[in-house]
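# give me a model of this one.
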Amino acid sequence: MADALFPKLRQRAPTVLFGASDRSFFANKVTALAQSNTGAVQRELTGLSAVG
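Below is the predicted model:
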């Protein structure tokens with residue numbers, strides 16, 4: 001169901017971040033772990049940051 005509602009990156013980025021909430025990451029590490037491109041990850045991180 002998540003595949004139908006959310007793009008893959010929208011699923012992967014929070015999984016990376018919340019799966020290791022005790023760690024901090026640079027954007028390039030999130031990009032690598034989410035297996036996506038820099039621009040898309042940056043937009044996703046900006047959106048997540050905006051909603052807190």
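# center of the chain - which residue?
residue 13 (1.7 Å; Cα atoms, centre = their mean).
# residue contacts, that residue?
Going by Cβ atoms under 8 Å, 6 or more residues apart in numbering, residue 13 touches 30, 34, 36, 41, 44-45, 48. All C-beta atoms are positioned from the backbone trio N, CA, C, and that covers glycine.
# ok, residue 14 touching residue 49?
No. Using Cβ atoms under 8 Å, residue 14 is not in contact with residue 49; the gap is 11.9 Å.
# so where does the residue nearest to the centre of the chain fall, helix or strand?
Assigned by DSSP states H and E, residue 13 belongs to helix 8-19.
# show the average pLDDT along that helix.
On average, the pLDDT along helix 8-19 is 76.
# same thing with stretch 28-45?
pLDDT averaged over stretch 28-45 gives 86.
# so what would you say the end-to-end distance of that stretch is?
11 Å (Cα to Cα, to the nearest Å).
# report the distance from that stretch to the chain centre.
6 Å (Cα atoms, centre = their mean, to the nearest Å).
# next, the buried residues of that stretch.
Neighbour-count burial for stretch 28-45 flags 30-31, 33-34, 36, 40-41, 44-45 (criterion: 16 or more other Cβ atoms under 10 Å).
# now render those residues as JSON lines, adding distance to residue 22 and secondary structure.
JSON lines is the format used below for the buried residues of stretch 28-45 (distance: Cβ to Cβ, whole Å; DSSP: H, G, I helix; E, B strand; the rest coil):
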{"residue": "30", "distance to residue 22": "15", "secondary structure": "helix"}
{"residue": "31", "distance to residue 22": "20", "secondary structure": "helix"}
{"residue": "33", "distance to residue 22": "15", "secondary structure": "helix"}
{"residue": "34", "distance to residue 22": "18", "secondary structure": "helix"}
{"residue": "36", "distance to residue 22": "23", "secondary structure": "coil"}
{"residue": "40", "distance to residue 22": "25", "secondary structure": "helix"}
{"residue": "41", "distance to residue 22": "21", "secondary structure": "helix"}
{"residue": "44", "distance to residue 22": "21", "secondary structure": "helix"}
{"residue": "45", "distance to residue 22": "18", "secondary structure": "helix"}
